[in-house]
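Asker: Quick one, fold the following:
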Amino acid sequence: MGSGEIGLPTLQWLANSPLINLVGVVTQPDKPVGRSQVVTAPPPKRLAIGLNLPVLQPLKIRRAEELDRIRELSPDLIIVMAYGQILPKALLEMPRIACLNLHASILPRHRGAAPIQAAILAGDQVTGITVMYMSEGLDTGDILLKRSVRIHRRETAGSLHDRLANLAFEALPLALDLILDGKASRIVQEESEASYAPKLDSESGKIDWSDDCWRLDRLVRAMNPWPSAFTLVQTAVDTTRRLKVHRVLPFHRYTGKPGVVGRIGNRGIVVGCGSGALMLLEVQLEGKRRMAATEFARGFALPAGTVLGR
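Answerer: Numbering: from 1, shown residues only. Okay, the predicted model is just below:
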């Protein structure tokens with residue numbers, strides 16, 4: 001069960017394993033995507049079709065008729081990664097052996113929908129994959145196994161997503177071996193250490209220039225590639241447009257007013273923060289292509305003293 005790209009390496013491994021009979025893939029319904037709103041199948045469905053696997057796409061997994069369709073498959077194990085719907089108790093108790101979730105953080109830290117972004121935004125040095133027994137709570141089930149990786153210095157959510165996708169399909173076989181050998185542990189999560197990573201939306205990347213440069217640097221990297229960090233810029237015709245900020249460098253020794261363009265150099269546009277500054281390296285004006293900040297500055301009236309974010 002999954003809806004995003006992060007679960008694809010795991011799905012591919014399950015399909016290829018000679019020890020596993022993969023009886024079906026459950027994912028979200030097709031939906032309109034992009035500016036053109038073309039109806040698109042979720043990535044697991046596209047992979048499953050190529051593997052000639054049955055695909056179920058319930059609109060609401062809690063409906064009795066949808067649960068009956070899954071029950072007809074008689075699953076011994078259900079493996080979940082980034083499915084996107086809360087699973088009811090009836091489904092959690094359906095498999096003969098277990099219902100396992102692959103979560104992209106070291107639980108109980110960063111429970112919830114956006115653990116990868118939350119780890120970067122918090123400045124964590126380590127994250128990983130937790131294999132857990134699913135319960136009715138939000139990522140509250142007992143832990144079977146953890147695997148950790150270091151977060152790189154200039155890591156983005158996109159690059160960390162891809163590394164954790166590969167780590168997940170390495171962790172799952174180890175977890176299944178422990179289960180089949182009767183050696184799988186159940187470690188209760190420590191509630192006092194829990195934190196939550198809420199679902200992102202298009203406003204999650206809004207830049208508050210009063211923040212210090214280090215936090216804003218993490219925000220830009222955490223929101224890359226989606227939903228993207230952004231600020232507001234005023235055009236020559238006195239309209240306000242969104243300016244996505246894709247890549248920056250922090251300068252903690254710079255002194256300037258928050259949101260005010262200080263200078264435009266050979267590498268980028270320097271903007272003051274609550275403490276320090278950010279050099280904007282790559283930006284994208286609403287409705288335009290992504291480009292180097294220096295190229296943007298040449299074609300857009302952005303003199304020193306311009307205030308961003310209004």
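
Asker: do you know how far D217 is from L249?
Answerer: Applying CB to CB, to the nearest Å, the value for D217 to L249 is 7 Å. All C-beta spots, glycine's among them, are computed from the backbone N, C-alpha and C.

Asker: repeat for V149
Answerer: Counting by CB to CB, the gap from V149 to L249 is 24 Å.

Asker: Quick check: chain neighbours aside, which residue is closest to S105?
Answerer: Among residues not flanking S105 along the chain, P115 sits closest, at 3.7 Å (CB to CB, 6 or more residues apart in numbering).

Asker: Test my guess that the one you found contacts I106.
Answerer: No - with contact defined as CB atoms under 8 Å, P115 does not reach I106; the gap is 9.1 Å.

Asker: picking that back up, which one's more surrounded, D217 and L249?
Answerer: D217 (24 against 16; other CB atoms under 10 Å).

Asker: from memory the more buried one sits against R247, does it?
Answerer: No - using CB under 8 Å, D217 is not in contact with R247; the gap is 10.0 Å.

Asker: Helix or strand: which one has L167?
Answerer: helix 157-180 (DSSP states H and E).

Asker: now swap in A297 and tell me
Answerer: For A297, the host element (DSSP H and E) is helix 293-299.

Asker: buried sites along the longest strand belonging to the chain?
Answerer: Scanning the chain for the longest strand, with DSSP state E as the assignment, gives strand 240-251. Across strand 240-251, burial judged by 16 or more other CB atoms under 10 Å covers 242-251.

Asker: pLDDT averaged over it - what is it?
Answerer: Here strand 240-251 scores 96 as its mean pLDDT.

Asker: circling back to that earlier point, as TSV, the buried residues of strand 240-251 with distance to N224 would be great.
Answerer: Shown next, in TSV, are these (distance: CB to CB, whole Å):
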residue	distance to N224
R242	15
L243	15
K244	10
V245	9
H246	6
R247	8
V248	10
L249	14
P250	15
F251	19
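
Asker: quick one: which two of those are the most distant?
Answerer: R242 and F251 (23.9 Å; CB to CB).

Asker: Next up, phi/psi of S36, please.
Answerer: Torsion angles at S36 (phi, psi; degrees, to the nearest 10) stand at phi -90, psi -10.

Asker: mind checking pLDDT for it?
Answerer: So S36 comes in at 83 (pLDDT).

Asker: quick one, what contacts G265?
Answerer: By CB atoms under 8 Å, 6 or more residues apart in numbering, G265 lies in contact with 279, 294.

Asker: now I20
Answerer: L14.
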